[in-house]
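Asks: A predicted structure for the sequence below; I have some questions about it.
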Amino acid sequence: MVLTPRFAPNKQLITYMEYKNNLPRVYIYNLKTGEREIVGDFPGMTFAPRFSPDSQSVVMSFSDPNNAANSEIYLMDLNTRSRSRLTNDSGIDTSPSFSPNGEKIVFNSDRGGSPQLFVMDKNGDNIKRISKGRGVYGNPVWSPRGDLIAFTKLTQGNFHIGVMDTNGNNERVIVKDFALESPAWSPNGRYLIFHRQKRSNLDGTGGEVTIHFIDITGYNERVIPTPRDGSDPAWSPLL
Amino acid sequence: MLIVAGFFLASCAATKTEQGGDTDAASASASSSSGGEITAGTQEDLIVNVGDRVFFEFDSSELTVDAQATLDAQAAWLMQYPDTNITVEGHADERGTREYNLALGDKRAFSVYSYLAQAGIDTNRMEYVSWGKERPEVIGSDETAYSQNRRGVTLVSN
């Protein structure tokens, strides 16, 4: 099973998480050579990978068995193979996403009791909560222009995909439905793609997952046709 | 240029088809052979006579009193069958993001694993893995399904 594929901004690489022999780990796939490579040698689950803007590093979560399997955010330098731990908290820290200038990282954490969005410096300093509304936040993704953060929010039984300024101001919902996930930006920062999942029924029907495209003004939503259910879309950089 | 690579398109579709995986296969064999002989020390024995799973509250990896009672019984059973190795699976319901639920599933699996370890089970006999929300036990978009999907499952791996 492969989850959460993401393109490198300026290299022909995709990072993703895969279960191999029941071991969920982050890998890199080279689009040119077809080679697959595990990212780092970790004694527990690694997941939620994304490239840094220079494509030289991967930021991701690691659930360390020596830390009660609590997820913390790590940065792996792909050249030196050195890794650094960016967060240190008893809550879950995951879904890191770099700002396009490489200076900041937005991430998801339940350190305050429920999952919210936080921004920190690239070395893990100056952690600040930015989500201000009610609800359970997740999936933060920094826009390629640097001006907005896309996110999901669960409140009153529905998921919402929205955008906010990078300090959390001017939160705006773009689309709302029973189940929405995985917002990803177009390279020009004007569109989001995401997936919708229908309700599942006890008889096994329903639950269809489809990929959609929408202008961040909230207009012009379209389905991206896929041969079977599709999820976790990623939009490539200009290649 | 929008690229939707084929290998990740399968991620969700595969989830549906993989539901006949370890957990469900084991459950099915237990129910289908009710009335027949149950071999001691097997997954079927664990399911029928001890309970192979514990349940969690929403967004929590804390073991409830009920969960601890089940795990006490599992520990006693594992003491009784010292050649048995297990894998503990941690799962979440569908009302969270994929990544957050992977993290939550790992904390749940580790809660079970460490409880059994503290109860005296050698960690060399145990592994654990998170499946997040990727392998629901019950299909359905309501609390009945969710409460059964927020689980830690003990699987006999040999």
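Replies: Everything's here; your move.

Asks: Quick one: the strands in chain B, in order.
Replies: Taking DSSP state E as the criterion, chain B carries its strands at B:53-55, B:86-91, B:126-132, B:151-156.

Asks: Deepest in the core, which of the ones you listed is it.
Replies: Of those, the one with the most neighbours on average (mean count of other CB atoms under 10 Å in any protein chain shown) is strand B:86-91, at a mean of 25. In this view, the C-beta of every residue, glycine as well, is placed from N, C-alpha and C.

Asks: mind checking how far that strand is from the chain centre?
Replies: Its chain's C-alpha centre and that of strand B:86-91 lie 4 Å apart, by CA atoms, centre = their mean, to the nearest Å.

Asks: report the angle between the axes of it and strand B:151-156?
Replies: 160 degrees (axes from the mean of the first three to the mean of the last three CA atoms, to 10 degrees).

Asks: Quick one: distance of stretch B:112-122 to the chain centre.
Replies: Centroid separation between stretch B:112-122 and its chain, computed with CA atoms, centre = their mean, is 16 Å.

Asks: ok, the closest residue to B:Ala40 other than its chain neighbours to B:Ala73 distance?
Replies: Among residues not flanking B:Ala40 along the chain, B:Tyr81 sits closest, at 7.3 Å (CB to CB, 6 or more residues apart in numbering or on different chains). Distance of B:Tyr81 to B:Ala73, computed by CB to CB, to the nearest Å: 13 Å.

Asks: ok, how many other residues are close to the residue nearest to B:Ala40?
Replies: 14 (other CB atoms under 10 Å in any protein chain shown).

Asks: same deal with A:Asn21?
Replies: 5.

Asks: who's in contact with it?
Replies: Taking CB atoms under 8 Å, 6 or more residues apart in numbering or on different chains as the contact definition, A:Asn21 lies against nothing.

Asks: what's it sitting at in phi/psi?
Replies: phi 50, psi 40 (degrees, to the nearest 10).

Asks: Against chain B, how distant is it?
Replies: 10 Å (CB to the nearest CB, to the nearest Å).

Asks: Which pLDDT value belongs to that residue?
Replies: At A:Asn21, the model reports a pLDDT of 91.

Asks: ok, now how distant is it from A:Thr15?
Replies: 20 Å.

Asks: ok, now B:Thr123?
Replies: Applying CB to CB to B:Thr123 and A:Thr15 gives a distance of 31 Å.

Asks: What of B:Glu137?
Replies: B:Glu137 is 30 Å from A:Thr15, by CB to CB.

Asks: okay, the two: which has more neighbours?
Replies: Taking neighbours as other CB under 10 Å, B:Glu137 and A:Thr15 compare with A:Thr15 leading, 26 against 16.

Asks: Surely A:Arg83 is in contact with A:Ile73?
Replies: No - under the criterion of CB atoms under 8 Å, A:Arg83 makes no contact with A:Ile73, lying 11.0 Å away.

Asks: With neighbour numbers in mind, choose between those two.
Replies: Comparing A:Arg83 with A:Ile73 by other CB under 10 Å, the one with more neighbours is A:Ile73, at 25 against 18.

Asks: Quick one: residues contacting the more buried one.
Replies: A:59-62, A:85-87, A:93-94, A:96, A:105, A:107, A:124.

Asks: in the helix or strand harbouring it, what counts as buried?
Replies: Using DSSP states H and E, the element containing A:Ile73 is strand A:70-77. Residues of strand A:70-77 classed as buried by neighbour count (16 or more other CB atoms under 10 Å in any protein chain shown): A:Asn70, A:Ser71, A:Glu72, A:Ile73, A:Tyr74, A:Leu75, A:Met76.

Asks: Keeping just the C-alphas, turn that strand into PDB.
Replies: Once non-C-alpha atoms are left out, strand A:70-77 reads as follows in PDB (Å, rounded to 0.1, in the frame of the first residue of the first chain):
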ATOM      1  CA  ASN A  70       4.800   9.600  19.600                       C
ATOM      2  CA  SER A  71       5.200  11.300  16.200                       C
ATOM      3  CA  GLU A  72       7.700  14.000  16.000                       C
ATOM      4  CA  ILE A  73       8.900  16.000  12.900                       C
ATOM      5  CA  TYR A  74      12.300  15.200  11.500                       C
ATOM      6  CA  LEU A  75      14.400  16.700   8.700                       C
ATOM      7  CA  MET A  76      16.500  14.400   6.500                       C
ATOM      8  CA  ASP A  77      19.200  15.900   4.400                       C
END
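
Asks: do you know which of the strands of chain B lies nearest chain A?
Replies: strand B:126-132 (5.2 Å; CB to the nearest CB).

Asks: Give the pairing partners of that closest one; include direction for each.
Replies: Its sheet considered, strand B:126-132 pairs with strand B:86-91 (parallel) by DSSP bridges.

Asks: what does the strand it pairs with contact?
Replies: Contacts for strand B:86-91 (CB under 8 Å, 6+ apart): A:22, B:22-23, B:61, B:78, B:104-113, B:116, B:125-133, B:135-137, B:149-157.

Asks: Okay, domains of chain A per the record?
Replies: Annotated domains of chain A cover A:1-94, A:130-239 [automatic domain parsing].

Asks: ok so, going back, from the contacts of A:Ile73, pick the one nearest A:Gly146.
Replies: The shortest gap between A:Gly146 and any of those belongs to A:Ile105, at 13.0 Å (CB to CB).

Asks: For that closest one, give the beta-bridge partners.
Replies: With DSSP bridges as the rule, A:Ile105 is bridged to A:Phe98, A:Met120.

Asks: ditto for A:Phe7
Replies: Beta-bridge pairing for A:Phe7 (DSSP bridges): A:Ile14.

Asks: neighbours of it, just the number please.
Replies: Counted with other CB under 10 Å, the neighbours of A:Phe7 add up to 23.

Asks: Great, nothing more from me.
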